[in-house]
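In: Following is a predicted model, sequence given first.
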Amino acid sequence: MSKDPFIVINPNANTGKLGKKLDKALKLTKEYIGDFDYALTEGPRHEEELAQKAIDEGYKMLVALGGDGTATNMGDVIVNYPDVTLGLLSAGSMCDWHKTHSIPYDLEDSLAIFVEGHSEKFPAMKCSGDRTYYAFDMTDGGFTGKAAAAAHHEMKWMKIGAIKYNYLALKYVLKTPNTPCTVTIDDKNPINVPGLTNFFAGFGDDISGFRVLPGNPVFSKKNKDLGIGILHGVKGIKRVSMLVKSIPGNHLGIKGFWCTRGRKLMVESQDIPLCCESEGEIYNEESMKVEIERIDDAINLIVPKEREYEVKYDESYFDEEFEESYTKRKYEQIG
C-alpha cells in the first residue's frame, strides 16, 4: 500500500509563478504534512494521467497543488473512485472552486485546512458534449467558452499569461455571435432562445472574478440543484458593461439575463456549435447539443469544518420566468 498523500503539482499554475517558486512551495508543504510523494504535470490534462496512476498504485488521498484546472482534471478521474479523497491547495490564478468552499487563496492557509482532515461528499456536474467531463464548481458556454478555447489555440508565442488571457477574453466577448438555441431544464417544456449569448451553470457563484450567480453556493446546497444563468440578445459593448457589473454581482435584473434553478440543463444550438468549458478545460467545440446534469455525492473533498457563504441577494432572483428577462428589473441587496 502506497503512503498517502500523493500530490499532483502544476508548475504552470498562476501563469507559471508556481514553477518559479516550486522549491519554496515544496518546503512549506513538507513542514505541514511531512514526507510525501508527488509528480509534476508536463502538459494539458496530464493531471488525469497522474491521478489515475496514483490511484492504481493504491493512494487514497490525492492533492491538487495548483488552480482550478489542476483540481478539476484530477476530480474528473476521482469521481470514479468513491474511496479516494481530494485535497485542494491554493496556488492558481483564481481558485474559484477553492473559494466556493472557503479555502483561502493562500498556500499556507490552505495547507492548515488540509491537515485538519475534515472531508465531506460534494456533487459534480456531468458535462456532455464532444466528450464527457465532470465539473465541480461552474461551467459555461458561449463567448466565455470561445475565449477559454482560444487560450489553448492562439497566441502560443505569448509568455505573459495575464496579457494573453485578457486580450483573448475581450476579443471573443466582442466578436462571438449570438445563436438561436433551445434550452430545456429538467422535464419542463423547452424554451426557445432566439439569440443565446452565454450560459452559466453550477454550484458556485464566481467565475474568474465575475460573480455571475451571487449566493448560489448556499442555494445550491439547500436545494440540491444547479444555479443556471442564461444571457441572451446582448451584443458588443453591452456585453462588456454586463461583465463589469457582474464583478460585484450588480448585473442581476439587466435586460437579457435570466436566472433559474434545476438539476439538468440541455442546450441545443440551431445554428453553430456552442463552445463550452469548465475551469479552462474545453469539453465541447463541435457538437450542437450539450447537457449538464447534477450528480449527488460524487466526490470526497477536504474542506474547512466551518465555512462561510456570502449571500448578497435573496434567492427570489431565481424565480423569474424567462419572458421577464426581456425587461429590466431591480433587485435589492440584503443587509
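Out: Happy to help now that I have it. Numbering: from 1, shown residues only.

In: Output the lowest mean pLDDT helix or strand found in the protein.
Out: Every helix and strand of the chain was ranked by mean pLDDT, DSSP states H and E. The lowest is helix 161-175, at a mean of 71.

In: partners of the next helix or strand after it, with directions?
Out: Later in the chain than helix 161-175, the nearest helix or strand by DSSP states H and E is strand 179-185. Its sheet considered, strand 179-185 pairs with strand 191-202 (antiparallel), strand 264-269 (antiparallel) by DSSP bridges.

In: C-alpha coordinates for strand 179-185, PDB please?
Out: As requested, the backbone C-alpha atoms of strand 179-185 are provided in PDB (Å, rounded to 0.1, in the frame of the first residue of the first chain):
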ATOM      1  CA  THR A 179     -27.000  31.900 -31.800                       C
ATOM      2  CA  PRO A 180     -30.600  30.600 -31.700                       C
ATOM      3  CA  CYS A 181     -31.000  27.800 -29.200                       C
ATOM      4  CA  THR A 182     -33.400  25.600 -27.400                       C
ATOM      5  CA  VAL A 183     -32.900  25.400 -23.600                       C
ATOM      6  CA  THR A 184     -34.500  22.600 -21.600                       C
ATOM      7  CA  ILE A 185     -34.400  22.400 -17.800                       C
END
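
In: Residues contacting that strand, please?
Out: For strand 179-185, the external contacting residues (C-beta atoms under 8 Å, 6 or more residues apart in numbering) are 190-196, 199, 228, 230, 260, 262, 264-272, 274. All C-beta atoms are positioned from the backbone trio N, CA, C, and that covers glycine.

In: Now the buried members of the residues you listed.
Out: Among these, those classed as buried by 16 or more other C-beta atoms under 10 Å are 191, 193, 195-196, 199, 228, 230, 260, 262, 264-269, 274.

In: Quick check: which of those residues has the minimum pLDDT.
Out: When it comes to pLDDT, Leu274 is the least confident member of those, at 92.

In: isn't that one right up against Asn284?
Out: Yes - applying C-beta atoms under 8 Å, one finds Leu274 in contact with Asn284, separated by 6.4 Å.

In: Give me the common contacts of these two.
Out: Joint contacts of Leu274 and Asn284 (C-beta under 8 Å, 6+ apart) are Gly129, Gly141, Gly145, Val290.

In: mind checking how far the last one is from Asn284?
Out: Here the criterion is C-beta to C-beta, to the nearest Å. By it, Val290 lies 5 Å from Asn284.

In: Residues that sit against both of those two, list them.
Out: Counting by C-beta under 8 Å, 6+ apart, the contacts common to Val290 and Asn284 are Cys127, Gly129, Gly141, Leu274, Cys276.

In: Would you mind writing the CA trace of stretch 195-208 as PDB?
Out: Backbone C-alpha positions of stretch 195-208 (Å, rounded to 0.1, in the frame of the first residue of the first chain) are rendered in PDB as follows:
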ATOM      1  CA  GLY A 195     -30.100  34.600 -29.600                       C
ATOM      2  CA  LEU A 196     -28.200  32.900 -26.900                       C
ATOM      3  CA  THR A 197     -25.200  34.900 -25.800                       C
ATOM      4  CA  ASN A 198     -23.900  32.800 -23.000                       C
ATOM      5  CA  PHE A 199     -25.000  30.400 -20.300                       C
ATOM      6  CA  PHE A 200     -23.700  29.500 -16.800                       C
ATOM      7  CA  ALA A 201     -24.500  26.600 -14.600                       C
ATOM      8  CA  GLY A 202     -23.000  25.300 -11.300                       C
ATOM      9  CA  PHE A 203     -22.700  25.100  -7.600                       C
ATOM     10  CA  GLY A 204     -20.600  28.200  -7.200                       C
ATOM     11  CA  ASP A 205     -21.200  31.900  -7.800                       C
ATOM     12  CA  ASP A 206     -17.900  33.100  -9.200                       C
ATOM     13  CA  ILE A 207     -16.000  32.700 -12.500                       C
ATOM     14  CA  SER A 208     -12.600  34.300 -12.600                       C
END
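
In: one step back: which of the shared contacts of Leu274 and Asn284 has the most neighbours?
Out: Gly141 (29 neighbours; other C-beta atoms under 10 Å).

In: and that one, how far is that from Asp56?
Out: Per C-beta to C-beta, Gly141 is found 33 Å from Asp56.

In: and if you look at Asp271?
Out: When Asp271 is compared with Asp56 (using C-beta to C-beta), they lie 43 Å apart.
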